[in-house]
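Only the shape, not the letters, is given here:
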């Protein structure tokens, strides 16, 4: 895997990382051609060969840092760099909603603080150190998201981020196959908060409440609830209108009301986390209401673009699992008109809390209930489960096979095509 150039620590570095398919060491020379001033690498043989080449051409060798493991070296450097900065940081983790919550918090606080936030969803073992390197002393508050896919990963992220305020959006079954239980997954995510002074989470989730009570009973907590008026932040009423939502709440026995320009349930919950952060930071109720009203939509992983034959293509880059397919189909359904047909193109779907046979039967039933006109499956596993789908569905064992046997004429004019491809992300 070849990581992107990142400006940080006063220089531009290129990290050479050996990935599942590509060895980034192949790109050391091109990285310097693109302006990198140094390279962090773990392949001594590649470095020696490149230095010999430069010398034979009369070129002064470039600075190269040799490490036993490039990723661990990145993380160590980020941890040391973070220790030299005296900053408050908000750490956001959860199964879904991390990026949206981070973006909302950054938007709401940017008018009163000099805010740094991680770009996109740079929340992984590689993305977090890249983000840490971008910080400097000119900011007041850093806002980071942290994503994991297996036990043991959060500890390294926590050591680099060192958040002082922690937000746990939720804990769901996404990527649960890496954990023995949902409790283990929740505890792993909560590992981000070991050095936090203050914590924000929904008290209505019994699993989250259990972990927070057991592990962080001595910390200042801003638990919020739709049900329990005794919580520090009690949401007493939510009213959705045409394109906006009014949230009436009580925080520390003070009543307030905000209007947000969103109506989705997930956006409402993300907005409540944002309200909690501002309240903990001492932002006045009036300012909270004003800033919440000016929130803007966060970029989605569902992108609509024009395709061939006047088709509309919805490209879904979210994690390819069953639980996130339903809201994606909602997104498609809201854009359907009577004169358009619908096609869903699916790659192999990640397993969660059901076996593969039950998983694909459930997917087929969901697509049938949504009255999808045509289904195309791409991948060896979904092809093996072709019998779960109707006779009109078509299956291809690989993308190359699909492209080789399909032409633009196979897509009707004025149709909607939903393309969902597997992309592994931290969650």
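Great, that's in hand. From a predicted model like this one, the values you see are computed outputs, not experimental measurements.

burial measure for residue 283, as a count.
One way to gauge burial is a neighbour count; for residue 283, by other C-beta atoms under 10 Å, it gives 19. Every residue, glycine included, has its C-beta placed from N, CA and C.

How much space separates it from residue 109?
Here residue 283 is placed at a distance of 8 Å from residue 109 (C-beta to C-beta, to the nearest Å).

Mutual contacts of these two, please.
Where contact means C-beta atoms under 8 Å, 6 or more residues apart in numbering, the residues bridging residue 283 and residue 109 through contact with each are residue 291.

and residue 348, how many neighbours does it have?
Other residues near residue 348 come to 19 when the count uses other C-beta under 10 Å.

How about residue 337?
The local packing of residue 337 (other C-beta under 10 Å) involves 8 other residues.

need the contact list for it.
Residues in contact with residue 337 (C-beta under 8 Å, 6+ apart): none are found.

and if you look at residue 135?
Applying C-beta under 8 Å, 6+ apart, we find residue 135 in contact with 8, 81, 82, 85, 87, 116, 142.

For the third one, give me the backbone phi and psi.
In this entry, residue 82 is assigned phi and psi values of phi -60, psi -40 (degrees, to the nearest 10).

Now it: closest residue in space, sequence neighbours ignored.
Taking C-beta to C-beta, 6 or more residues apart in numbering, and ignoring the residues beside it in sequence, residue 82 has residue 132 as its nearest neighbour in space, at 5.4 Å.

from memory that neighbour sits against residue 78, does it?
Yes - with contact defined as C-beta atoms under 8 Å, residue 132 counts as touching residue 78 (4.0 Å).

Now do the contacts for residue 122.
Contact analysis of residue 122 by C-beta under 8 Å, 6+ apart lists 128, 130, 131, 145.

let me redo that: residue 97
Residue 97 makes contact with 169, 170, 266, 269, 270, 273 under the criterion C-beta under 8 Å, 6+ apart.

circling back to that earlier point, out of the contacts of residue 122, which are inside strands?
Counting by DSSP state E, the contacts of residue 122 place residue 145 in strands.

sorry, back to before: any residues in contact with both of residue 132 and residue 78?
residue 160.

who has more neighbours, these two?
With neighbours defined as other C-beta under 10 Å, residue 132 and residue 78 compare such that residue 132 has more, 28 against 24.

Pull the contacting residues for the more buried one.
Neighbours of residue 132 in contact, by C-beta under 8 Å, 6+ apart: 8, 78, 79, 81, 82, 160, 161.

mind checking the SS state of residue 75?
Using DSSP: H, G, I helix; E, B strand; the rest coil, the three-state assignment for residue 75 comes out as helix.

With the one 10 residues further on instead?
Assigned with three-state DSSP, residue 85 falls in the coil class.

if we can go back for a sec, turn the contacts of residue 122 into a markdown table, columns for pLDDT and distance to residue 230.
Shown next, in a markdown table, are the contacts of residue 122 (pLDDT from 0 to 100; distance: C-beta to C-beta, whole Å):
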| residue | pLDDT | distance to residue 230 |
| --- | --- | --- |
| 128 | 93 | 36 |
| 130 | 87 | 42 |
| 131 | 89 | 37 |
| 145 | 94 | 30 |
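
so which of the contacts of residue 122 is the most crowded?
Within those, residue 145 tops the neighbour count with 32 neighbours, counted by other C-beta under 10 Å.

Tell me which two of the contacts of residue 132 sit farthest apart.
The largest separation in these, counting by C-beta to C-beta, is between 8 and 161 at 14.7 Å.

quick one on the thing from earlier: including pLDDT, could the contacts of residue 132 go into CSV?
Listed next are these as CSV, based on pLDDT from 0 to 100:
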residue, pLDDT
8, 37
78, 91
79, 94
81, 91
82, 92
160, 96
161, 96
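
Closest one of those residues to residue 295?
residue 161 (23.9 Å).

quick one: the closest one from residue 192, how far?
The value you get for residue 161 to residue 192, if C-beta to C-beta is used, is 7 Å.

cool, residue 239 as well?
From residue 239 over to residue 192 the distance is 33 Å, taken as C-beta to C-beta.

Please apply the same query to residue 355.
31 Å.

And residue 130, by the same measure?
Using C-beta to C-beta, we find residue 130 at a distance of 18 Å from residue 192.

what's next to stretch 268-279, contact-wise?
Defining contact as C-beta under 8 Å, 6+ apart, one finds that stretch 268-279 is touched by 90, 92, 97, 100-101, 104-105, 108-109, 165, 167, 169-170, 200, 202, 222, 224, 233, 235, 238, 245, 247, 249, 251-252, 258, 260, 262, 287-288, 291-292, 295.

what ranges do the helices span in the stretch 101-250 of the chain?
Assigned by DSSP state H, counting those that start in this stretch, the stretch 101-250 of the chain shows helices spanning 127-133, 153-161, 182-190, 206-215.

okay but residue 103 is in contact with residue 117, surely?
Yes - using C-beta under 8 Å, residue 103 makes contact with residue 117 at a distance of 7.2 Å.

measure residue 212 to residue 203 for me?
Using C-beta to C-beta, residue 212 is found at 8 Å from residue 203.

Now stretch 384-396: average pLDDT?
Model confidence over stretch 384-396, given as mean pLDDT, is 91.

Quick check: end-to-end length of it?
For stretch 384-396, the separation between the terminal residues is 10 Å (C-alpha to C-alpha, to the nearest Å).
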